[in-house]
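[1] can you look at this prediction? I've put the sequence above it.
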Amino acid sequence: GHLEGNRDAVGAFEVFSLEPEHPQAPQHADRGLPPQQHQGLLANGQHRLFCPHHNKFLIAHEGKLSSKEGKGPRGVFHVQHTGHGSLTIKSHEGKFMSVQADGSVVCDRDGAGAWEELHAEPQGNGAFALFTTAHGGKKYLSMQDDGRLEGNRTAVGAFEIFRGEL
């Protein structure tokens, strides 16, 4: 690609993040994990997805998503940007996260199509909301009190806010 300076307004394609060549991230004292370094957006690579409201990490096991307070290998996800404004999230088991037509969210897909494409919307202070447009309209992912992840919200509240930690 190439860089052009011909826009009159700022949109998704006009926002950039600068990263150090060899980042040395400080550690969170409470969880021993480096903080998210990209304001609001997930970079390509491995992340733990954390819901501050519930104080829990998202985990995947045998195609199902849930949450827990501690960290472990089931909570490592690989984020890959698609190149056209969306991203995919793959579990440590090599399966893609997918939002179903009924709003349920699973992590059992071998390939990535429209149902597996998500978007990250900055919420300030390094937080973001994830949403899909695969089923008509913008539907946000939210962590429920019982640890399930759902993809059926039409607005962002505390349950829809996440942080990605390396």
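    The structure has been received and is ready for your questions.
[2] let me know the secondary structure of the closest residue to Leu118 other than its chain neighbours.
    Nearest non-adjacent residue to Leu118, counting by CB to CB, 6 or more residues apart in numbering: Leu130, 5.0 Å away. In short, each C-beta sits where N, CA and C put it, glycine included. At Leu130, secondary structure determined by DSSP: H, G, I helix; E, B strand; the rest coil is strand.
[3] run a quick neighbour tally on Leu130.
    Counted by other CB atoms under 10 Å, the residues lying close to Leu130 total 25.
[4] and the one 10 residues further on, by the same measure?
    Each residue near Tyr140 was counted by other CB under 10 Å, and the total is 21.
[5] can you check the pLDDT for it?
    In the predicted model, Tyr140 carries a pLDDT score of 97.
[6] how much space between the closest residue in space to it that isn't next to it in sequence and Glu93?
    Counting by CB to CB, 6+ apart, Arg153 is the residue found nearest to Tyr140 once chain neighbours are left out, at 4.1 Å. Separation of Arg153 from Glu93 (CB to CB, to the nearest Å): 26 Å.
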